[in-house]
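*Asks:* Give me the fold of what follows.
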Amino acid sequence: MSEVPNLSKLADGIPLDSLSQSFILDTSVPHAPNRRPNLTPSEFKQAIKNALRYFPKSLHQQLAQEFAEELRIRGHIWMPKLRPLDYPMQAYPIHYYPAKIPQARAIQMMIMNNLDPKVAQFPHELITYGGNGSVFSNWAQFHLVMKYLSEMEEDQTLVMYSGHPMGLFPSHKDAPRVVITNGQVVFNYSSKELYEKFYAMGFTMYGQMTAGSYCYIGPQGIVHGTALTVLNASRLYLQSNDLTGKVFVTSGLGGMSGAQPKAGTICGCITVVAEVDETALLKRLNQGWIKEMTRTVPETIARIKAAKANREVTSIAFLGNVVDLWEGLANEEEMLVELGSDQTSLHNPYCGGYYPAQVSYSEAKEMIANDPERFKELVQESLRRQVVAINKLTERGMKFWDYGNSFLLEASRAQADVWNPADNTKFKYPSYVEDIMGNIFSLGFGPFRWICSSCDPNDLRTTDTIAAEVITTLMNLPDCPEESKQQYEDNLKWIQRAEENKLVVGSQARILYSDALGRVEIALKFNQAIREGRISGPVVLSRDHHDVSGADSPYRETSNITDGSKFTADMAVQTVIGNSFRGATWVALHNGGGVGWGEVMNCGFGMVLDGSEDADTRAKLMLNWDVANGLARRCWSGHPYARMTIQRLMAEDTKLKVTLPNNVDENLDIPSS
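*Replies:* Predicted structure coming up:
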């Protein structure tokens with residue numbers, strides 16, 4: 001790492017002197033589309049008043065004019081003059097941060113990693129990924145949070161309301177240092193239309209999943225899950241572990257979806273990803289996550305044919321709209337694609353998450369702001385066209401799944417032909433969780449993560465070695481089920497090749513799908529290595545909210561809950577409450593997730609391992625609960641893998657006693673009404 005700048009200014013709070021400077025939009029990074037929240041005159045005034053509360057009254061008249069201009073043009077008040085210019089926004093070694101306690105320094109590091117331009121989708125708008133997955137709502141909040149973290153002591157907790165730091169409150173050393181909620185509106189007001197108003201007025205925010213919980217680790221975080229999905233899709237749909245010469249077509253290279261080509265390469269197939277934003281495409285190309293690019297549909301199809309003929313392993317980024325690509329593939333006599341999906345941000349369909357095929361990317365961005373109704377019409381027309389082409393290909397043998405991005409949900413709202421003709425309450429294509437990953441979650445495996453706060457690649461290398469040793473031991477235990485052994489084997493291959501696949505973007509972080517036994521043992525081994533000096537600084541543990549217990553989402557994480565309870569949100573809420581008193585350093589509960597506002601409740605955590613015995617206790621208590629809660633819920637719904645796995649955990653710990661269902665015989669004669 002180059003010379004680290006002086007980070008002491010993080011403790012200063014809002015830099016009021018920045019407000020006297022002129023503002024010039026920095027064009028070196030991509031920017032979020034302008035929004036149109038359709039505020040009434042009184043709501044417009046209230047939004048400005050809400051923003052002014054962060055500043056002394058002497059500045060209100062000046063700032064009121066500036067905020068009105070920003071709100072009028074951009075649809076949100078981000079306060080760009082306050083964006084820090086004294087230091088590059090990135091993760092730095094933990095000891096450089098000005099906070100008093102290591103837990104607070106770790107959180108400062110994680111926040112800055114989330115906003116690193118190499119990591120974040122729209123860093124100057126504080127949006128990490130997904131079009132609107134925000135760390136904060138404005139830059140004043142960033143500065144206040146950093147100040148509070150710098151002042152925090154072991155008996156205080158920082159309370160975060162949708163990006164706004166409500167303040168430091170007395171607590172105790174075993175309480176979480178930060179408690180985060182995002183988007184917690186009263187249920188009857190959890191609509192997309194009201195969200196745009198609420199966000200513009202500055203009192204709620206879309207934290208997505210790991211953006212608003214300060215735990216995003218760049219596209220690596222989804223590479224592993226995507227690789228597992230593609231690999232298991234091949235096993236399920238193609239009855240093969242060998243993807244050589246097979247084609248996987250999808251779309252989206254911004255934020256998390258940028259992981260798809262790297263995952264496809266790891267799996268050994270030909271991955272074709274459409275992307276309308278040249279900046280996003282070139283970012284992934286320059287990072288080495290894509291091998292080649294094309295600019296026309298005929299060029300792309302010709303390249304697919306050559307790659308299939310030569311049995312190449314490659315990733316092709318098509319600079320254009322995926323609808324045009326799907327239609328081109330559907331019109332080919334030769335069947336060129338075996339697997340298909342979509343990973344555009346359709347939870348945010350009308351504000352930049354999905355672009356229609358009928359107009360150019362630049363025209364579409366203008367239309368979002370200037371003619372939102374027409375833009376919505378074009379999006380829905382485009383979705384219908386996309387589904388027609390996909391249906392043609394699946395009728396000829398292609399296998400397609402919904403990637404949990406609300407593709408099928410939004411397509412259904414556009415009146416596309418996506419309903420199952422045999423059961424009009426279900427989509428004709430499964431969610432990838434429902435069909436592919438649900439069994440993995442029910443075995444207790446999910447996206448466990450860690451970040452080396454030293455920012456030293458040697459520490460990350462050490463953690464990879466430790467994790468591989470733990471997996472090898474667990475998969476060879478005499479009571480390890482065959483189903484779990486397959487997951488261990490896949491993850492052992494992943495961790496052994498992680499460094500050579502060059503997955504790190506931003507912080508020195510790693511992801512590994514692991515079960516409760518693995519997570520606890522890996523954490524204890526990490527903590528021991530810190531204690532012994534083999535790892536040079538604290539390690540931050542986390543996970544994606546997209547996990548065994550992390551999200552209640554009826555069209556994604558809980559789509560394979562078949563007892564009718566998939567629409568409830570008890571699991572995520574209980575998980576975050578339980579994590580908070582079992583040792584998490586910080587916890588987060590969000591409305592929105594990856595499938596849309598009002599469509600999911602999800603939760604996350606961060607835990608700092610510092611080598612202490614106290615950290616051992618916290619890791620054992622919290623990591624076991626964090627997985628076991630979801631297993632218990634999945635077991636009660638009737639999933640046999642979850643029952644098997646939770647019974648194994650109960651045998652390990654006699655303090656764990658879970659209510660097991662008496663499963664009902666499917667042939668039992670039960671009255672229908």
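*Asks:* What residues of stretch 369-386 count as buried?
*Replies:* Within stretch 369-386, the residues scored as buried using 16 or more other CB atoms under 10 Å are 369, 372, 375-376, 378-386. Every C-beta, even on glycine, is put in place using the N, C-alpha and C of the backbone.
*Asks:* Which one of these is nearest to G252?
*Replies:* Q386 (12.8 Å; CB to CB).
*Asks:* That closest one contacts D324, doesn't it?
*Replies:* No - using CB atoms under 8 Å, Q386 makes no contact with D324, being 9.6 Å away.
*Asks:* from the buried residues of stretch 369-386, which ones fall inside strands?
*Replies:* Taking DSSP state E, every one of the buried residues of stretch 369-386 sits outside strands.
*Asks:* just the strands in the stretch 351-500 of the chain please.
*Replies:* 399-400, 419-420, 423-427, 446-452 (DSSP state E, counting those that start in this stretch).
*Asks:* Buried deepest among those, which one?
*Replies:* Of the strands of the stretch 351-500 of the chain, the one with the most neighbours on average (mean count of other CB atoms under 10 Å) is strand 446-452, at a mean of 26.
*Asks:* so what secondary structure elements neighbour that one?
*Replies:* helix 102-114, helix 220-237, helix 457-475, strand 509-514, helix 516-532, strand 539-543 (3 or more CB pairs under 8 Å, 6 or more residues apart in numbering; DSSP states H and E).
*Asks:* So which of these is nearest Y403?
*Replies:* Checking these against Y403 by CB to CB gives helix 220-237 as the closest, at 8.0 Å.
*Asks:* Which elements pack onto that closest one?
*Replies:* Partner elements for helix 220-237 (3+ CB pairs under 8 Å, 6+ apart): helix 260-267, strand 339-340, strand 446-452, helix 482-497, strand 509-514.
*Asks:* and the direction of it versus that of helix 482-497, what angle?
*Replies:* 140 degrees (axes from the mean of the first three to the mean of the last three CA atoms, to 10 degrees).
*Asks:* where's helix 220-237 relative to the chain centroid, distance-wise?
*Replies:* Remark: helix 220-237 is offset 16 Å from the chain centroid, using CA atoms, centre = their mean, to the nearest Å.
*Asks:* And stretch 7-21, by the same measure?
*Replies:* Using CA atoms, centre = their mean, the offset of stretch 7-21 from its chain centre is 30 Å.
*Asks:* Check stretch 505-514 too.
*Replies:* The answer for stretch 505-514 is 13 Å, by CA atoms, centre = their mean.
*Asks:* do stretch 425-435 as well
*Replies:* On CA atoms, centre = their mean, the centre of stretch 425-435 falls 20 Å from that of its chain.
*Asks:* for the record, mean pLDDT for it?
*Replies:* In this model, stretch 425-435 has a mean pLDDT of 83.
*Asks:* Give me the residues contacting it.
*Replies:* Identification of contacts with stretch 425-435 by CB atoms under 8 Å, 6 or more residues apart in numbering yields 229, 233, 236, 341, 394, 400-404, 408, 412, 418-421, 436, 441, 555-560.
*Asks:* what about 7 Å?
*Replies:* If you take CB atoms under 7 Å, 6 or more residues apart in numbering as the criterion, stretch 425-435 is touched by 229, 236, 400-404, 408, 418-420, 555-557, 559-560.
*Asks:* Kindly report the same for stretch 102-117.
*Replies:* Residues contacting stretch 102-117 (CB under 7 Å, 6+ apart): 10, 29, 89-92, 94, 97, 99, 119-120, 123, 126, 128, 135, 146, 149, 152, 177-178, 211, 214-216, 451, 453, 506-507, 538, 540, 585-586, 606, 608, 610.
*Asks:* buried residues in that stretch?
*Replies:* So for stretch 102-117, counting by 16+ other CB under 10 Å, buried means 102-117.
*Asks:* now stretch 281-293
*Replies:* For stretch 281-293, the neighbour count (16+ other CB under 10 Å) marks 281-285, 289-291, 293 as buried.
*Asks:* The longest strand along the chain pairs with which strands, parallel or anti?
*Replies:* Using DSSP E, we find that the single longest strand of the chain is strand 601-609. If you go by DSSP bridges, strand 601-609 pairs up with strand 539-543 (antiparallel), strand 551-552 (antiparallel), strand 586-591 (antiparallel).
*Asks:* Now tabulate the ones you listed in TSV and tack on mean neighbour count and mean pLDDT.
*Replies:* Below are those laid out as TSV (neighbours: other CB atoms under 10 Å; pLDDT from 0 to 100):
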stretch	mean neighbour count	mean pLDDT
strand 539-543	28	97
strand 551-552	29	95
strand 586-591	27	97
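*Asks:* Give me whichever of the helices and strands packed on strand 446-452 is most buried.
*Replies:* strand 539-543 (a mean of 28).
*Asks:* now the angle between helix 516-532 and that strand, please.
*Replies:* Using the same axes, to 10 degrees: strand 539-543 against helix 516-532 is 170 degrees.
*Asks:* what's next to strand 539-543, contact-wise?
*Replies:* Strand 539-543 is contacted by residues 106, 110, 215, 446-453, 463, 523, 526, 530, 550, 604-609 when judged by CB under 7 Å, 6+ apart.
*Asks:* For L649, which of the helices and strands packed on helix 220-237 is the nearest?
*Replies:* Judging these by CB to CB, what sits closest to L649 is helix 482-497, at 11.8 Å.
*Asks:* Show me what the closest one packs onto, helices and strands only.
*Replies:* With contacts taken as 3 or more CB pairs under 7 Å, 6 or more residues apart in numbering; DSSP states H and E, helix 482-497 sits against helix 220-237, helix 457-475, strand 509-514.
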